[in-house]
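A.B. asks: Need coordinates for the following:
(chains A, B and C)
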Amino acid sequence: MSGTKPDDLQRAVEATLFAAEEPMTLEALAGHLGDADLPAVREAVRQLADHYEGRGIELVERSRKWHFQTSPDLAHLLRREREQVRRLSRAATEVLAIVAYHEPVSRAEIESIRGVQTAKGTVDVLMEAGWIKIAGRREVPGRPVIYATTAEFLQHFGLQTRKDLPGLDELRAAGLLDPVDEAYDALIETDEPQGVADAPETEADMPRTDQSAIEDDGKEPGE
Amino acid sequence: MSGTKPDDLQRAVEATLFAAEEPMTLEALAGHLGDADLPAVREAVRQLADHYEGRGIELVERSRKWHFQTSPDLAHLLRREREQVRRLSRAATEVLAIVAYHEPVSRAEIESIRGVQTAKGTVDVLMEAGWIKIAGRREVPGRPVIYATTAEFLQHFGLQTRKDLPGLDELRAAGLLDPVDEAYDALIETDEPQGVADAPETEADMPRTDQSAIEDDGKEPGE
Amino acid sequence: MSENGLMFTADDQAGDSDWIAPATKEGEDTSLYLELDGWEGPLDLLLDLARRQKVDLRAISILALVDQYLDYIDRAEALKLELAADYLVMAAWLAYLKSSMLLPKEEQEDPSPEELALKLQLRLQRLGAMRESAARLMARDRIGRDVFLRGAPEGLRIDRKTQWQCDMYMLIQGYGQVKARTAPAVHMVRERPVMTLESALDRVSSMLGVTLDWMTLEEFLPPHAEPRLRKSALASSFVAALELARMGKAEISQDEIFGEMRLRRIRGQGAQ
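C.D. replies: This is a model prediction of the structure:
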């Protein structure tokens, strides 16, 4: 175990394996260290492996070659996922609602219901969120992809079935279908392209092209 | 020192620094480890550095960033056949030293110390190596570009900060980093308190290679 | 003399270390190796010569240094070596410095030769300091030469994953907005009570037929009309009055600007 100072050979082996670009056999190690005694090298490697046991890195043998690697239980540190919570954009919310109320629907149908063009990124976001899925193709010319909501969608929104979505009558009763007055309409129109109402997202629903997906990646350089 | 098992944070820091392709600041480390407590990360790094002391590899700080590297005394084992380090010309070596000890410094100032015109290629080589960078302009007529060293410079030469430049304090104390005229004035004042009358007009004194302006464009055949 | 040619020649001589003073091998101090390419300019050569005095740079003899430099240049010329202008300029300046230093004190100019000599010395010290610093710097443990980084780091990668947020209210509100926005818009113009010009003409002309007296315009308006109809009737009746006057069927009088407008039938007209 650890606790003792490494001897010269251990130090040499440690440094060599650290700097090596490839895993090394004991023979290669011994050769590199000026034809060191093979049993001595083997013993040094064994002691080093002992020393590193339980640390953040370990010395492992794979098909007779030795190398350092990050301890498997810490592998998550190498491929780290960083979650960020973002509010769904208004465009995406609308698309989601349309899919929920009208499923299965094609993108063209969504657009005709919304009355505006829908960026592909908007649909992608909903797919990524796991709320809509491709439910096949409509058997019409062009065979467009059709979308439907997922079980996750129901779960997230606390619905038993899609039938639990409030009906149009209820929406009307709640004032959600009231004709929007002109001022409000104007507000919507000016707001929408910048997506002010919808959180810090880039995609708006106006005739934007499909780069939103790309842009999302492009930004946010890692630190 | 070694002997005790590393705790979870130490293991995580160890694995992260081991796997990282670039040196990392404590802040970057803490961020990577899911916004870990900065003082705790600092302590973990310190303990790790202690643990590795005397081993074949060591944990070092350069320009506020930490990285693992092999111990210097094992260099003879690890020098590869192909030289990885760019061999610097003597001119480049001198220019680098002057930038490091005098930074920020303009090309004219470098030339006045060396007494010779500096080929643009020499500065370029150092910039390309990532060891010096343009650090702005001196607010004097002509607004000459001034140069300074980089974090990579400190890393490459194993310096924690510029203060670790060999002999920096002694040079400073001896006034050897001061311009000739200042040094002369200082000397005169201490030697013979009245003798400043014949003070220095700037550089009337020596055949400086002041033609740099002219020669700059003219010469410099590529090497 | 440009250093371009030197940039790598120094390397060739440098052997294993990154830097050694060119052509400055120990034991050669009596017969200086004549190779101007080895120096980075006259100051460098001077520094090298000064070092040969084997004293601290602060204690060198400038006079001796000048002699050495001039001697060196002379020998180079004797060997027909091509001398760069820099070296010759320096030689001329040093010759001048030497002669001033040898002159009697009172004939000295300003700046004094002592000052010039001292400044030369200071410059040499500074160049020497940098030269030594460069050597010490190069001798440090350098990455890739003395210390090595991990050969095959796994690398760190951060995958960003977005947790999208939306709730039921936002959802149905969104749907409501779509519906509201895209509901077919029906524009209805509300019916407003108006009196057309035709009906005003009828009304005014028939009322004019009844009497020959002046009547104010207001008297032609329908009584008890609601205010909006009354406004419309006033406008139409006014235009009707003008029209009747134009046709010669009525005459209009007004006593003052903005005063009451009166109207009556022209005699002989409208009775038929």
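
A.B. asks: ok, stretch A:23-33 near chain B or not?
C.D. replies: Yes - Stretch A:23-33 comes into contact with chain B (C-beta under 8 Å from any C-beta of the partner chain), by way of A:32-33. In this view, the C-beta of every residue, glycine as well, is placed from N, C-alpha and C.

A.B. asks: Then stretch C:153-160?
C.D. replies: Yes - residues of stretch C:153-160 contacting chain B under C-beta under 8 Å from any C-beta: C:153-156, C:158.

A.B. asks: is it true that A:Arg107 touches A:Val145?
C.D. replies: Yes - contact criterion C-beta atoms under 8 Å: A:Arg107 and A:Val145 qualify, at 7.1 Å.

A.B. asks: tell me the phi and psi of A:Tyr147?
C.D. replies: Backbone torsions of A:Tyr147, given as degrees, to the nearest 10, read phi -110, psi 150.

A.B. asks: For burial, what's the neighbour tally of C:Ser100?
C.D. replies: For C:Ser100, the count of nearby residues is 17 (other C-beta atoms under 10 Å in any protein chain shown).

A.B. asks: Now do the buried residues in the helix or strand containing C:Tyr72.
C.D. replies: For C:Tyr72, the host element (DSSP states H and E) is helix C:62-78. For helix C:62-78, burial by neighbour count (16 or more other C-beta atoms under 10 Å in any protein chain shown) applies to C:62, C:65-66, C:68-70, C:72-73, C:76.

A.B. asks: How about the contacts made by C:Tyr175?
C.D. replies: By C-beta atoms under 8 Å, 6 or more residues apart in numbering or on different chains, the residues touching C:Tyr175 are A:94, A:97-98, A:100-101, A:171, A:176.

A.B. asks: would JSON lines of the residues you listed with distance to C:Arg181, neighbour count and secondary structure be doable?
C.D. replies: JSON lines is the format used below for those (distance: C-beta to C-beta, whole Å; neighbours: other C-beta atoms under 10 Å in any protein chain shown; DSSP: H, G, I helix; E, B strand; the rest coil):
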{"residue": "A:Glu94", "distance to C:Arg181": "9", "neighbour count": "28", "secondary structure": "helix"}
{"residue": "A:Ala97", "distance to C:Arg181": "12", "neighbour count": "24", "secondary structure": "helix"}
{"residue": "A:Ile98", "distance to C:Arg181": "12", "neighbour count": "23", "secondary structure": "helix"}
{"residue": "A:Ala100", "distance to C:Arg181": "17", "neighbour count": "23", "secondary structure": "helix"}
{"residue": "A:Tyr101", "distance to C:Arg181": "15", "neighbour count": "21", "secondary structure": "helix"}
{"residue": "A:Leu171", "distance to C:Arg181": "13", "neighbour count": "20", "secondary structure": "helix"}
{"residue": "A:Leu176", "distance to C:Arg181": "12", "neighbour count": "19", "secondary structure": "coil"}
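
A.B. asks: What's the biggest strand in the chain, counting residues?
C.D. replies: As the question left the chain open, I've gone with chain A. For chain A, the longest strand by residue count, based on DSSP state E, is strand A:79-87.

A.B. asks: think we crossed wires, I meant chain C
C.D. replies: For chain C, the strand with the greatest residue count under DSSP E is strand C:157-165.

A.B. asks: If you count neighbours, what's buried in that strand?
C.D. replies: By neighbour count on 16+ other C-beta under 10 Å, the buried set for strand C:157-165 is C:162, C:164.

A.B. asks: What is the subsequent helix or strand relative to it?
C.D. replies: helix C:168-182.

A.B. asks: Following element in sequence after that following helix, please.
C.D. replies: Beyond helix C:168-182 in the direction of the C-terminus, DSSP H and E gives the next helix or strand as helix C:197-210.

A.B. asks: For that following helix, name the packing helices and strands.
C.D. replies: helix C:227-246, strand C:250-254, strand C:261-265 (3 or more C-beta pairs under 8 Å, 6 or more residues apart in numbering or on different chains; DSSP states H and E).

A.B. asks: next one: the first one to chain centre, how far?
C.D. replies: How far helix C:227-246 lies from its chain's middle: 67 Å, per C-alpha atoms, centre = their mean, to the nearest Å.

A.B. asks: before we move on, what about stretch C:65-73?
C.D. replies: 54 Å.

A.B. asks: same question, stretch C:242-260
C.D. replies: For stretch C:242-260, the distance to the chain centre is 72 Å (C-alpha atoms, centre = their mean).

A.B. asks: Which element, helix or strand, includes C:Arg267?
C.D. replies: Counting by DSSP H and E, there is no helix or strand that carries C:Arg267.

A.B. asks: how close does it sit to C:Leu79?
C.D. replies: 141 Å (C-beta to C-beta, to the nearest Å).

A.B. asks: swap in A:Leu96?
C.D. replies: 90 Å.

A.B. asks: higher neighbour count, the two?
C.D. replies: A:Leu96 (29 against 8).

A.B. asks: dump the residue contacts of the nearest residue to that one once chain neighbours are set aside.
C.D. replies: With sequence-adjacent residues excluded and distances taken as C-beta to C-beta, 6 or more residues apart in numbering or on different chains, A:Leu96 is closest to A:Leu126, at 5.5 Å. Taking C-beta under 8 Å, 6+ apart, we find A:Leu126 in contact with A:92, A:95-96, A:99, A:132.

A.B. asks: Tell me what the residue positioned nearest the centre of chain A is bridged to.
C.D. replies: Nearest to the centroid of the C-alpha atoms of chain A, with distances taken as C-alpha atoms, centre = their mean, sits A:Glu81, at 7.3 Å. Note on A:Glu81: beta-bridge partners by DSSP bridges are C:Asp159.

A.B. asks: circling back to that earlier point, rounded to a whole number, what's the mean pLDDT of the helix holding C:Tyr72?
C.D. replies: Helix C:62-78 carries an average pLDDT of 87.

A.B. asks: For it, which outside residues touch it?
C.D. replies: Residues from elsewhere that reach helix C:62-78 (C-beta under 8 Å, 6+ apart): C:32, C:34, C:36, C:42, C:45-46, C:49-50, C:52-53, C:83, C:87-88, C:90-91, C:94-95, C:97-98, C:101, C:117, C:120-121.

A.B. asks: among the residues you listed, which are in helices?
C.D. replies: C:42, C:45-46, C:49-50, C:52, C:87-88, C:90-91, C:94-95, C:97-98, C:101, C:117, C:120-121 (DSSP state H).

A.B. asks: hmm, which of these are the buried ones?
C.D. replies: Looking at these with 16+ other C-beta under 10 Å, the buried ones turn out to be C:42, C:45-46, C:49-50, C:52, C:87-88, C:90-91, C:94, C:97-98, C:101, C:117, C:120-121.

A.B. asks: ok, of the contacts of C:Tyr175, which one's closest to A:Leu48?
C.D. replies: Checking these against A:Leu48 with C-beta to C-beta, the nearest one is A:Ala100 at 59.5 Å.

A.B. asks: Could you list which residues are in contact with the closest one?
C.D. replies: Counting by C-beta under 8 Å, 6+ apart, A:Ala100 touches A:149, A:153, A:162, A:165, C:171, C:175.

A.B. asks: What of C:Leu97?
C.D. replies: C:62, C:66, C:113, C:116-117, C:120.

A.B. asks: and if you look at C:Leu118?
C.D. replies: Taking C-beta under 8 Å, 6+ apart as the contact definition, C:Leu118 lies against B:184, B:187.

A.B. asks: Check the buried residues of helix C:62-78 and tell me the two furthest apart.
C.D. replies: C:Ile62 and C:Ala76 (20.9 Å).

A.B. asks: ok, and the closest non-adjacent residue to the residue of chain A found nearest chain C?
C.D. replies: Closest residue of chain A to chain C, C-beta to the nearest C-beta: A:Leu176 (3.0 Å). The shortest distance from A:Leu176 to any non-neighbouring residue, by C-beta to C-beta, 6+ apart, is to C:Gly176 (3.0 Å).
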